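Colleague: A predicted structure for the sequence below; I have some questions about it.
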Amino acid sequence: QVQLVESGGGLVQAGGSLRLSCAASGRTFSSYAMGWFRQAPEKEREFVSAIPWSGGRTYYADSVKGRFTISRDNAKNTVYLQMNRLNPEDTAVYYCAAKYRVLTTIPEEYAYWGQGTQVTVSS
């Protein structure tokens, strides 16, 4: 089992920044690919970003590329999502998720999920 707890969400004005954190406990964190997903009201959950267990090449949705940065600190069992130049379309509940070893952008393939943190961007 892997337990995930997100933090760092909140209300921010358009153009502002937030940094989300996801603290993991349980099984060996460094063996898991980590992803960030988001879900806006009345929309399906969508991929935002992912980072492999080794911390190598990172992946981003086109809508956030160049504005968001994912990183991880395996010594702290934590993955981060730095979000810059936020806009109202980024408003959603953000979830982190863990998948053993192989990275994917498909939410159904992630076995462990956090409870989510709300991000609201005002115009």
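Modeller: Everything's here; your move. Residues are numbered from 1 along each chain as shown.
Colleague: and residue 106, what does it touch?
Modeller: When contacts are counted by Cβ atoms under 8 Å, 6 or more residues apart in numbering, residue 106 is found next to residue 47. (C-beta placed from N, C-alpha, C; glycine too.)
Colleague: Return, as residue ranges, the portions of this structure with sub-threshold pLDDT.
Modeller: By pLDDT under 70, the low-scoring segments of the chain are 27.
Colleague: show me the contacts for the residue positioned nearest the centre of it.
Modeller: Centroid-nearest residue in the chain: residue 36, 2.3 Å away (criterion: Cα atoms, centre = their mean). Residue 36 makes contacts with 20, 22, 48, 49, 50, 70, 79, 81, 94, 95, 96, 97, as judged by Cβ under 8 Å, 6+ apart.
Colleague: out of the residues you listed, which are inside strands?
Modeller: Assigned to strands by DSSP state E, the following of the contacts of residue 36 qualify: 20, 22, 48, 49, 50, 70, 79, 81, 94, 95, 96, 97.
Colleague: returning to that earlier point: sec struct for the residue nearest to the centre of the chain, please.
Modeller: Three-state call for residue 36 (DSSP: H, G, I helix; E, B strand; the rest coil): strand.
Colleague: Report the separation between the nearest residue to residue 29 once chain neighbours are set aside and residue 28.
Modeller: Take residue 29 and drop its neighbours on the chain: the residue closest to it by Cβ to Cβ, 6 or more residues apart in numbering is residue 77, 4.3 Å away. Remark: distance between residue 77 and residue 28 (Cβ to Cβ, to the nearest Å) = 9 Å.
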